[in-house]
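S.K.: Here you go, sequence then predicted model.
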Amino acid sequence: MANLKSIRDRIKSVKNTKKITEAMRLVAAAKVRRAQEQVIATRPFADRLAQVLYGLQARLKFEEADLPLLKKRDVQKVGLLVISGDRGLCGAYNTNVIRRAETRARELASDGIGYQYVLVGRKATQYFQRREQPIDASYVGIEQIPTADEASMIANELLSLFLSESVDRVELVYTRFVSLISSRPVIQTLLPLDPQGLEVSDDEIFRLTTRGGQFQVERERVPASTQALPQDMLFEQDPVQILNALLPLYLNNQILRALQESAASELAARMTAMNNASENASDLISSLTLSYNKARQAAITQEILEVVGGAEALK
């Protein structure tokens, strides 16, 4: 009977755990929907900014524009912006991006190039602080639905580092969203801005849908406008000054998009992890229920044998 009670308690405990993991999966799914809505909502500004930059690029030779954000220097130190999450229970999401940042840091060190971190997310901050790595700034408590203000705050720190020549290049390490079951950490150079990287290209947005009771993501390629500015357009200011004012906005937009991709990747990883946990809990409940039934049957059989044995003894 003691064994039966322990199995019953274990089944009850696993059922409670399954309720929690299922609730966390549904919460992550709802947040993924909000993340996709934000991507769609911020897209008009990104489109218009890209269109203006494309038009300016057609009217100017970027290589001839003496702008600080386009200036390339001999690289002595690199700033690594690493975007992770604040919480766990999302599979290998945080581990993968941290490992990618560490690999890049070792590559720089082996080439005799210094580095320092700008960290986003509590997981990366705690990890690199414990290892006493060079950290310039860290940002925790970033919403899982990132805002333009948060991206601007991070961009201002990076601009300060680059323009003060504390670092000669800024690289971004973040997790690119591929699907609900796939994401990959990537590295992107943020500063100095590469004129070749300002060309307008087709963008993608993702939509979370349900089919057959299962969540899935559909990616939609959205063609971006590449209309050049009218040749007879007159600028009240020097186009170089306009470009100098727009490039920081472009940098903000790049960081915001990386934050959005990272948030979507984290939420998708949490959905997958909680779904796997729920399925494992169901399997464990089935196994425990089978063990409970076997133990109960054995106990009943033993009781019957004891009753029969007692009756035989009284004869």
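M.R.: Received the coordinates, thanks. Residues are numbered from 1 along each chain as shown.
S.K.: Now do the contacts for the residue nearest the centre of the chain.
M.R.: Note on the chain: the residue nearest the mean C-alpha position is residue 262, at 2.1 Å, using CA atoms, centre = their mean. By CB atoms under 8 Å, 6 or more residues apart in numbering, the residues touching residue 262 are 83, 84, 85, 97, 174, 175, 177. In short, each C-beta sits where N, CA and C put it, glycine included.
S.K.: Show me the residues you listed that map onto helices.
M.R.: Of the contacts of residue 262, the ones assigned to helices by DSSP state H are residue 97.
S.K.: Considering the contacts of residue 262, which is situated nearest to residue 14?
M.R.: Residue 14 lies nearest to residue 85 out of the contacts of residue 262, by CB to CB, at 26.5 Å.
S.K.: gap between that closest one and residue 250?
M.R.: From residue 85 across to residue 250, the span is 26 Å (CB to CB, to the nearest Å).
S.K.: Looking at those two, which is more packed in?
M.R.: Using other CB atoms under 10 Å as the criterion, residue 85 and residue 250 rank with residue 85 on top: 25 against 20.
S.K.: Give me the neighbour count for the residue lying closest to that one once chain neighbours are set aside.
M.R.: Setting aside the residues directly before and after it, residue 85 is nearest to residue 266 in space (CB to CB, 6 or more residues apart in numbering), at 4.6 Å. If you count neighbours by other CB under 10 Å, residue 266 ends up with 30.
S.K.: Distance check, residue 266 against residue 130.
M.R.: For residue 266, the distance to residue 130 (CB to CB) stands at 21 Å.
S.K.: The residue nearest to residue 85: what's it in contact with?
M.R.: Counted by CB under 8 Å, 6+ apart, residue 266 has contacts 85, 90, 93, 144, 175.
S.K.: Ramachandran coordinates for the residue nearest to the fourth one when sequence neighbours are not counted?
M.R.: Going back to what we said before, that points to residue 144. Spatially, and ignoring its direct neighbours in sequence, residue 144 is nearest to residue 263 (5.0 Å; CB to CB, 6+ apart). When read as degrees, to the nearest 10, the backbone of residue 263 gives phi -60, psi -40.
S.K.: unless I'm mixing things up, residue 263 is touching residue 151, no?
M.R.: No. Contact criterion CB atoms under 8 Å: residue 263 and residue 151 do not qualify, at 11.6 Å.
S.K.: quick one, which of those two is more surrounded?
M.R.: When residue 263 and residue 151 are compared for neighbours, residue 263 comes out ahead with 25 against 22, by other CB under 10 Å.
S.K.: dump the residue contacts of residue 71.
M.R.: When contacts are counted by CB under 8 Å, 6+ apart, residue 71 touches residue 192.
S.K.: and what of the one 3 residues further on?
M.R.: With CB under 8 Å, 6+ apart as the criterion, the residues that contact residue 74 are residue 168.
S.K.: my guess is residue 128 contacts residue 116, does it?
M.R.: No. If you go by CB under 8 Å, residue 128 and residue 116 don't touch, sitting 10.2 Å apart.
S.K.: between these two, which one's more packed in?
M.R.: residue 128 (22 against 17).
S.K.: Just after the helix or strand that contains that one, pick out the following helix or strand.
M.R.: Using DSSP states H and E, residue 128 sits in helix 122-130. Where DSSP H and E defines the elements, the next helix or strand beyond helix 122-130 is strand 135-139.
S.K.: other SSEs contacting that following strand?
M.R.: Here strand 135-139 touches strand 114-120, helix 122-130, helix 148-163, going by 3 or more CB pairs under 8 Å, 6 or more residues apart in numbering; DSSP states H and E.
S.K.: Throw those into a markdown table and include distance to residue 138 and mean pLDDT, thanks.
M.R.: As requested, those are exported to a markdown table (distance: least, CB to CB, whole Å; pLDDT from 0 to 100):
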| stretch | distance to residue 138 | mean pLDDT |
| --- | --- | --- |
| strand 114-120 | 4 | 95 |
| helix 122-130 | 4 | 94 |
| helix 148-163 | 10 | 92 |
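S.K.: Tell me which of the ones you listed is the most buried.
M.R.: strand 114-120 (a mean of 22; mean count of other CB atoms under 10 Å).
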